[in-house]
Every structure is written in C-alpha cells, then in structure tokens.
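>>> Could you work out the structure for the sequence below:
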Amino acid sequence: QVQLVQSGGGLVQPGGSLRLSCAASGFTLDYRDIGWFRQAPGNGREGVSCITSDGTTYYADSVKGRFTISRDDAKNTVYLQMNSLKPEETAVYYCATACWVVHAYDHWGQGTQVTVSS
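The predicted model follows:
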C-alpha cells in the first residue's frame, strides 16, 4: 500500500526556518517523483518544489534560494528545508507522488500546517 506520511511544520517567526519530512512506504522513492505543494486559505494549490526519481530538483521562482528539497534513500524520505520564511507562506503543505501536475492516480501526504507569524 502506497503511503506518504508527513511530519514537521508548526509556528515560526518571519525569517525563521522549518523542515518538513515526507516518509514513503509501499514504494521506493528512487522510482517516483515527489513534489511539495501548498495551499493557503482562499487560494488554490501551488507547486513549491520537486525532486525527480533521478534526483533532479526543481523550485518555484518564489522559493528559489530559500527552500531546499532533498531525499534520503536509506530512510525513504524526502525533506523540504524552508529558510527565510515569509508570512504569506502560511499554508498547509502537502507532499505528493508527482512533480507540478498531479493526476488522479497519484498519492498525497496528509498535509501539515506551516504558520509564519510574529
């Protein structure tokens, strides 16, 4: 059974850092792309970052230079390190088995709240 379990997130002050984790089970990450998405209240879902099965990384322009996506194959886990966070990045963050475009057959993590506020 394919499953993505997220951890991390929480409350951080503007300019602070958080690390999100996305642990996979039922498949190995080196066979699938994994993307991070976020959805703020009243907004649509947007892609944040992606790491492909071969380890290539991609970032939305808004997070380039501040966010880093990585993968630990031994732990079958993908991470999103978020630095210099901004209040407007408050959202629920999700990982999924897709880069940018999610299909009906893709799987999602349960989501984790990130709140950037003083």
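>>> which ones are touching the spatially most central residue of the chain?
The residue lying closest to the centre of the chain (C-alpha atoms, centre = their mean) is residue 36, at 2.9 Å. Taking C-beta atoms under 8 Å, 6 or more residues apart in numbering, we find residue 36 in contact with 20, 22, 47, 48, 49, 50, 69, 78, 80, 93, 94, 95. Glycine gets a C-beta too; all of them are placed from N, C-alpha and C.
>>> In PyMOL, how would I select the buried members of these?
In PyMOL, this line selects whichever of these come out buried by 16 or more other C-beta atoms under 10 Å:
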select buried, resi 20+22+47+48+49+50+69+78+80+93+94+95
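>>> Make a markdown table out of the contacts of residue 36 and add secondary structure, distance to residue 10 and pLDDT.
As requested, these are exported to a markdown table (DSSP: H, G, I helix; E, B strand; the rest coil; distance: C-beta to C-beta, whole Å; pLDDT from 0 to 100):
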| residue | secondary structure | distance to residue 10 | pLDDT |
| --- | --- | --- | --- |
| 20 | strand | 10 | 98 |
| 22 | strand | 16 | 97 |
| 47 | strand | 22 | 97 |
| 48 | strand | 17 | 98 |
| 49 | strand | 19 | 98 |
| 50 | strand | 23 | 97 |
| 69 | strand | 19 | 98 |
| 78 | strand | 18 | 97 |
| 80 | strand | 14 | 98 |
| 93 | strand | 11 | 98 |
| 94 | strand | 16 | 97 |
| 95 | strand | 16 | 97 |
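>>> ok, how many other residues are close to residue 79?
20 (other C-beta atoms under 10 Å).
>>> in which helix or strand would I find the closest residue to it other than its chain neighbours?
Nearest residue to residue 79 in three dimensions, chain neighbours excluded: residue 70, at 5.0 Å (C-beta to C-beta, 6 or more residues apart in numbering). Residue 70 belongs to strand 67-72 when assigned by DSSP states H and E.
>>> Would you mind listing the buried residues in that strand?
67, 69, 71.
>>> swap in stretch 5-24?
For stretch 5-24, by 16+ other C-beta under 10 Å, it's 6, 8, 9, 12, 18, 20, 21, 22, 23, 24.
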